[in-house]
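Visitor: sequence below, structure please.
(chains A and B)
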Amino acid sequence: MYFKKLILLFLYCVAIYREAPAQSQKTTFFLQTDFDQLYLKDSVKISKCAIYLTNFKFYNQAQLVFVDTIKAHLVDLLDPNPIQFNIAANLVYNRVVFNIGVDSNTNVAGILTGDLDPRKGMYWAWQSGYINFKLEGILNTKVQQPFQYHIGGYSGNLNAIQTNSFEVYPNNKYTLSFNFMPMLQYFFAQKQFELMSPQLKAVQLAKLLSENTTCTKVQNLSNE
Amino acid sequence: MNKVFVFFILLSVFSIAFIAPLESEFIKPKNFPKPKYNFQNNPFDSNKINIGRALFYDPILSKDSSISCASCHSNYTAFAHVDHALSHGIADRIGFRNAPGLMNLAWHENFMWDGAINNLEMQALAPITNHLEMDEDLNQLLAKLNRSIFYKNLFKQAYGDDAISTDRFLKSITQFLLQMVSANAKYDSVKNGNAIFTSQEKNGYHIFKKNCATCHAEPLFTSLKFEQNNLAIDPNLKDMGRMRITQNPQDSICFKVPTLRNIAFTFPYMHDGRFSKLQDVLHHYENIQLLTSNNKRIKIKLNKSEKVDLTAFLITLTDQKFLFNPALAFPKKLLLLNRRKNE
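Guide: Numbering: from 1, shown residues only, chains lettered A, B, ... in the order given. Here you go, the predicted structure:
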């Protein structure tokens, strides 16, 4: 008899738990590339601009309060979908930390799925490792000069992963802007139109992109 | 009487179930260290091994369906390519390096002569997508496989549904590659106390331990490290070895130490297959200075008789069971008969 009551109590608790509305707050990141249109004019046509954003973590001061369950977001910056986090309503945070690129452990983990599937076109098959970001296009000068920059590398001093950290608060929308202009200007000035493997220069340019990444608040969602 | 009989039958059944290794269990040879491959992420399954075996021998993996993995990795030669110095690709393209023998891959952390590949699961992607080898696009390949009723049936049997994704495809090939364990040479029998070396082999073993074992460390007969062995750079290939990957000048013309297991069957030798005979290799090492583990430079000096003894020892690394293992051979029934029925 006692056992039956216990079971009924358990089922009741499960039912209450299931019925409880899932309260969450949303933090949304819209993603965009930030090119200097005045500089580009019609002289540069970007055909591919993709980037890995990984390991999103939210902090309240120094305390880690939320970790994104999706390890890696592959974003097509020419047609980006926003990244949205559903975080429990009671969580307080004031900072987001994430990586531009894929970390070393993930790079050596063997075959992975989702956005880390090699068929997404961001994996070097001849040399294991993910391409952290890709920029391809055509520079229209006297001749049409194609360019392609595949920036990555995960090992030792060729590790090109970059960590960015921004102040963010619950129930807001933000825009993450990636300004590739300094990188393009560097390459075009050097007349270098290809960079396709892990190397020290790739690490420098990844750092340059990281330094030219910004996060701005665009909307407060608390009244929605 | 009947009860006793039934008891013994049951006892035998239980004994077989618990003592006999499962077909899909990875068995570490007694004298081998712990393998490096993470089996938890890809537990063995005979159906998955079967798929990997079919894929390994199937030219469908190449762009024009003309060459398979086995084209350069023949099971009768310890999965090396004895015909050519450099690997061959589709449309008579010639590759960049000598196709190495494939064995004991579970103990390796990186693959290829320069260690470019960091996980066995990713290895197959390199030759499949290499322009000079199979030159196939991963998406195209998966589309081809997903159109094949034969493969869809195999994947359904192994994975519960017939979707052929990158991870299922690569993990299946990996499972077959992991089957290539060579640990039944005469050397192993001696180590396990089941055989003895002849006096010539024994002397050869002594010479080996004195001169070769730093790089070709037992029991895998490779240290798994990258070493510079003073081979002149081929002016056509300009192969810088490990430095191509690390960009570190210290890694210049360093190549991964190959295993000596089944060496009698894995000619030609070196990363570019420049030596076709074992005697040429020994001659090379006699003419250079080698750096030992304690940073001493040594020169190997062997007389004619010592070379013969060393060769006799190296032949004890031949594993006939591995070379002629029917479970690793071309799956005639599966690929020829079953496939024809399906497609």
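
Visitor: helices along chain A, start to end?
Guide: With DSSP state H applied, chain A shows helices at A:2-19, A:37-40, A:104-107, A:181-190, A:200-211, listed in chain order.

Visitor: with the stretch 51-200 of chain B instead?
Guide: Listed in chain order, the helices of the stretch 51-200 of chain B (DSSP state H, counting those that start in this stretch) span B:69-72, B:120-123, B:125-129, B:138-147, B:149-159, B:166-178, B:186-191, B:199-211.

Visitor: picking up where we left off before, lowest average confidence across the helices of chain A, which one?
Guide: Lowest mean pLDDT of those: helix A:2-19, a mean of 44.

Visitor: where is the longest strand in chain A?
Guide: Taking DSSP state E as the criterion, chain A has its longest strand at strand A:44-60.

Visitor: who does it pair with, and is each partner parallel or antiparallel?
Guide: Paired strands of strand A:44-60, with direction, are strand A:63-67 (antiparallel), strand A:72-76 (antiparallel), strand A:95-100 (antiparallel), strand A:131-140 (antiparallel) (DSSP bridges).

Visitor: picking up where we left off before, out of the helices of the stretch 51-200 of chain B, which is the most enclosed?
Guide: When you average the neighbours per residue for each of the helices of the stretch 51-200 of chain B (mean count of other CB atoms under 10 Å in any protein chain shown), helix B:120-123 leads with a mean of 26. Heads up, the C-betas are built off the backbone N, CA and C, glycines and all.

Visitor: now do the same for the residue lying closest to A:I100 once chain neighbours are set aside: its pLDDT.
Guide: In this structure, A:I100 finds its nearest non-sequential neighbour in A:Q162, 4.5 Å apart by CB to CB, 6 or more residues apart in numbering or on different chains. Here the pLDDT value assigned to A:Q162 is 98.

Visitor: B:K152 reaches B:D161, doesn't it?
Guide: No - under the criterion of CB atoms under 8 Å, B:K152 is not in contact with B:D161, lying 9.3 Å apart.

Visitor: out of the strands paired with strand A:44-60, which is closest to B:H108?
Guide: Closest to B:H108 of the strands paired with strand A:44-60 is strand A:131-140 (CB to CB; 24.5 Å).

Visitor: residue ranges with poor pLDDT in chain A?
Guide: A:1-26, A:32-42, A:221-224 (pLDDT under 70).

Visitor: stretch B:55-67: how far from the chain's middle?
Guide: Centroid displacement of stretch B:55-67 relative to its chain, using CA atoms, centre = their mean, to the nearest Å, is 19 Å.

Visitor: what's the average pLDDT for it?
Guide: Mean predicted confidence for stretch B:55-67 is 97.

Visitor: now the terminal residues of that stretch, how far apart.
Guide: From the first residue to the last, stretch B:55-67 extends over 11 Å; the measure is CA to CA, to the nearest Å.

Visitor: tell me, what residue is most central in the chain?
Guide: If you meant another chain, say so; for now it's chain A. Centroid check for chain A by CA atoms, centre = their mean gives A:L53 as the closest residue, at 1.7 Å.

Visitor: please refer instead to chain B.
Guide: B:L102 (1.3 Å).
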